[in-house]
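Novice: Mind looking at a prediction? Sequence and model below.
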Amino acid sequence: MTLGRDEYLAEHVRDSLIHDPRVNEQDVLVRIKERRVFLGGNVSTRELREAISVVARELLPDYEIVNETTLVPAVEPEDEERVQ
C-alpha cells in the first residue's frame with residue numbers, strides 16, 4: 001500500500017508534533033482532507049493546544065487548520081497509591 005499525498009503530509013505533521021520542543025506530543029491525531037488539517041486528541045493545557053495549531057500552520061501555511069483537540073487538564077491524585 002502506498003500513501004497518498006494527504007496521508008504523507010499527515011504523517012509529516014504528526015512526526016513534527018512529536019519532535020517539536022513546543023509540543024512533544026505523541027497522541028495528536030492528524031487527518032488531512034481537501035486542504036484542511038484536522039487535529040484531534042486530548043491535551044492538558046491551552047498553551048499546548050495553541051502550540052499544536054502553530055506548528056501545523058507553520059508546516060502547511062496554505063491549509064486551513066481545524067484544531068479539534070479537547071482540553072483535559074491533568075489532575076494530581078489526592079492520595080498516594082500504595083504499591084505492595
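Specialist: Received it, and whenever you're ready, just let me know what you need.
Novice: How confident was the prediction at the spatially most central residue of the chain?
Specialist: In the chain, the residue lying closest to the centroid (C-alpha atoms, centre = their mean) is Val28, at 3.2 Å. Listed pLDDT for Val28 reads 96.
Novice: Now do the contacts for it.
Specialist: 14, 17, 39-41, 43, 52, 69 (C-beta atoms under 8 Å, 6 or more residues apart in numbering). C-betas here are computed from N, CA, C, even on glycine.
Novice: Which member of these is positioned nearest Asp62?
Specialist: Leu39 (16.4 Å; C-beta to C-beta).
Novice: Hmm, that closest one is touching Val54, no?
Specialist: No. Under the criterion of C-beta atoms under 8 Å, Leu39 is not in contact with Val54, lying 11.2 Å apart.
Novice: Among these two, which residue is more densely surrounded?
Specialist: The residue with more neighbours, out of Leu39 and Val54, is Leu39; 22 against 14, by other C-beta atoms under 10 Å.
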